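**Q** Sequence first, then the predicted structure:
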Amino acid sequence: MKKIGKVLGFVGVTLMATSLLTACGGSKDDASGEKDGKVTLRISWWGNDDRHKATNEAIKKFQEKYPDIKVKAEYSGWDGIVEKMATQIAGGTEADVMQINYDWYQTYSPDGTGFADLNDFKDIIDMSGYSEDTLSAANIDGKLNGIPHGENAYVFAVNSTKFEEFGVDPTSLKTWDDYKEAAKKFPEGYYPMSFKSFNEPMIYLTQKYGEAMLDEEGNMNYSVDQIEEGLEWYQSMVDAKVVPSPKTMIETVGTSHLSTVKEYIEGKYDGVYDWTGGLASYASVLEENQMKLSIPSYPVISDGDSAGVIKKPTMLFSISKNSKHPKEAAKLLDFLLNDPEGVKAMGTARGLPVNTKAQEILEEAGLVDDVSKQASEYTKNTEGVMESPYYEMSQVVEAYNVPFEKFGLGQATPKEAAKEIKANVEDAIAQLKKQ
C-alpha cells in the first residue's frame, strides 16, 4: 500500500467537543480503566438499526462468556463518521475495537503503524477461516492492521413484488435499454431504479471502458469526454423515467439512507444500488411491508457484456494501538468473528462473512437469508474491478460530488461538470499525496 501520510482534516477545537455518538456515555478514563476488577473496552461502528441490534446482541453474549470484561458500544449512521474518526484518532481517544473502512488505512496507517498489528494476537484471534488474499487488504508493510468482515460488490437489487405487480419479470431484464422499456409499464411516480450517487454513471463507464475511474495509485483513468459521456447517460435514464431526477432524489432522500425514506418503504423507488453488505437493511424493510427484495443480473450495455462491477473489502475490524487492554480487545474481536454465539448474534447485518468458519456456523444454524445467499453468490460469480482506495476518501468524494450535484440540479452542463470533476479529483489526490 502506497505511503501517503496522514490526512486528519481540521480537528483542533473539535477534539474537546466532538465524540462518536454512543449508546453509553463515559470519559476516556472510564472507558479504558478497571473498576470492580473488570476491564472496560470500547467498540465503535456505523450502520443502520439492524446492524446496531445485531452487534449489541453479540456484545451481550461476549459479556456473558467473559464477565470480567465490560464493553461499551459506540455507534451511529454513516453521516459524519469520517470526521468523528479523524477527531478521535488525532486525539488518541479512539475505541479499543473499531469498524474501519478500508480506504482509511491510507490515511491513518500508511506505513502500517497506525493500528495494532493483529499478527501479535494470532494466539487469540483464529484466522484460519481467512485466505491470504482476504487478509491482504489491511496488510501494510507486513503489519496486519485489520480483518475484513466480508467482501463488498456494488449490486443492483429490486422490489420484485412491485415489478411483478406492474407486469415486469426482473429476471428477463439484462441491459440498461431493457429497463428503459420496463419503465413504460410503471405508473407515474414509480421507478424501476433509483440512482443516488456519482457511482452509477461511473459503473456505466467501467462497463464500457473496462477500468474504474481511479487506479490503485490514484491516477485518473477517464478523460473529460468520457466523464461527460457518463453524465449524459445518467440524464438519458432520467428522461426515460427509469430513475427519479437527481433533484428529486435530493429532495426525497437527501443524506438519509434510502431504506428509511417513504418512497422506498411504499414501493415507489423499486430498484436500489448499494454494496452487498448493506442489502439486509433493504430486505428487512420490504419484508416488514409484505414485499420482497431480490437480485437480478446486473444491467449491462449489451447482453453478454462484462458487468464491470466495483468491488472492495468491507467492514474491517481493527484494534487501537493505544488500547490499554489489547489482549482483551483481541478476545472481543475473535468472539465477534469466530465464536458460534458471537457469529450467530452478528448474523448477516454486515452481509455474509468472508470467514469460511463463520459461514458454516450461520448456514448450520439456518441464519443465512435468501438475500444474503444471493449477494454472496453474486459477489463470487460477477466479474468486477477493485475500487481504488482513493475513491472514497472524503477529500476525493467532495471533489466529484460538488460538481455532480450542480449537474443534477441543472446548474452545470455535463461538459462543465465533467471538466470540474476531473480537475477537482486530480487536485484533491495531488494534495493528499503531498501530506
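**A** Looks like it arrived, so ask away. The structure presented is a predicted model; accordingly, all values stated were derived computationally and were not measured.

**Q** Now do the contacts for Ile361.
**A** Pro340, Val343, Lys344 (Cβ atoms under 8 Å, 6 or more residues apart in numbering). In short, each C-beta sits where N, CA and C put it, glycine included.

**Q** roughly how far out does the strand or helix carrying it sit from the chain middle?
**A** Using DSSP states H and E, Ile361 falls within helix 356-364. Relative to its chain's centre, helix 356-364 lies at 22 Å (Cα atoms, centre = their mean, to the nearest Å).

**Q** What residues of it count as buried?
**A** Buried residues in helix 356-364, defined by neighbour count with 16 or more other Cβ atoms under 10 Å: Lys357, Ala358, Gln359, Ile361, Leu362.

**Q** which strands and helices sit next to whichever helix or strand comes after it?
**A** Once the chain leaves helix 356-364, the next helix or strand it forms, by DSSP H and E, is helix 370-381. Counting contacts by 3 or more Cβ pairs under 8 Å, 6 or more residues apart in numbering; DSSP states H and E, helix 370-381 packs against strand 147-159, helix 279-288, strand 293-294.

**Q** With distance to Val371, mean pLDDT and mean neighbour count as added columns, please give those in TSV.
**A** Putting the helices and strands packed on helix 370-381 into TSV (distance: least, Cβ to Cβ, whole Å; pLDDT from 0 to 100; neighbours: other Cβ atoms under 10 Å) gives the following:
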stretch	distance to Val371	mean pLDDT	mean neighbour count
strand 147-159	8	88	24
helix 279-288	4	90	20
strand 293-294	6	94	21
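
**Q** These: which one's closest to Trp233?
**A** strand 147-159 (15.4 Å; Cβ to Cβ).

**Q** ranges for the strands of the chain?
**A** Under the criterion DSSP state E, the chain contains strands at 34-35, 38-46, 69-76, 97-100, 139-140, 143-144, 147-159, 271-275, 293-294, 309-319, 384-386.

**Q** what inclination does the second one have with respect to strand 69-76?
**A** Here strand 38-46 runs at an angle of 20 degrees relative to strand 69-76 (axes from the mean of the first three to the mean of the last three Cα atoms, to 10 degrees).

**Q** Look through the chain and tell me its longest helix.
**A** helix 414-434 (DSSP state H).

**Q** on that earlier part again, and Ala212, which of the strands of the chain is closest to it?
**A** strand 384-386 (5.0 Å).

**Q** Can you list the strands that the closest one pairs with?
**A** Using DSSP bridges, strand 384-386 pairs in its sheet with strand 309-319 (parallel).

**Q** between the helices and strands packed on helix 370-381, which one is nearest to Ala86?
**A** Once the helices and strands packed on helix 370-381 are compared by Cβ to Cβ, strand 147-159 is nearest, at 21.5 Å.

**Q** Give the other helices and strands that that closest one contacts.
**A** helix 132-135, strand 271-275, helix 279-288, strand 293-294, strand 309-319, helix 326-337, helix 370-381.

**Q** Distance check, the residue nearest to Ala58 when sequence neighbours are not counted against Glu200.
**A** The shortest distance from Ala58 to any residue other than its chain neighbours is 3.8 Å, reached at Ala345 (Cβ to Cβ, 6 or more residues apart in numbering). According to Cβ to Cβ, to the nearest Å, Ala345 and Glu200 sit 34 Å apart.

**Q** Could you save the contacts of Ile361 as a markdown table and add columns showing distance to Asp177 and neighbour count?
**A** Below are the contacts of Ile361 laid out as a markdown table (distance: Cβ to Cβ, whole Å; neighbours: other Cβ atoms under 10 Å):
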| residue | distance to Asp177 | neighbour count |
| --- | --- | --- |
| Pro340 | 48 | 16 |
| Val343 | 43 | 24 |
| Lys344 | 44 | 18 |
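
**Q** Please identify which of those residues is nearest to Pro414.
**A** Distance to Pro414, by Cβ to Cβ, is smallest for Val343 among the contacts of Ile361, at 47.1 Å.

**Q** give the contact list for that closest one.
**A** Here Val343 is in contact with Leu336, Leu337, Pro353, Ala358, Ile361, Leu362 (criterion: Cβ under 8 Å, 6+ apart).

**Q** for the stretch 151-300 of the chain, what spans make up the helices?
**A** Taking DSSP state H, counting those that start in this stretch as the test, the helices found in the stretch 151-300 of the chain are 160-165, 176-183, 199-209, 224-239, 246-252, 262-265, 279-288.

**Q** looking at those helices, which is closest to Phe407?
**A** Smallest distance to Phe407 across the helices of the stretch 151-300 of the chain (Cβ to Cβ): 5.7 Å, for helix 224-239.

**Q** Okay, buried residues for the closest one please.
**A** Val224, Gln226, Ile227, Glu228, Glu229, Gly230, Leu231, Trp233, Tyr234, Gln235, Met237, Val238.

**Q** Wait, the last one touches Ser245, no?
**A** Yes - Val238 sits in contact with Ser245 when judged by Cβ atoms under 8 Å, with a separation of 5.0 Å.

**Q** Before I go, just wanted to say thanks for your time.
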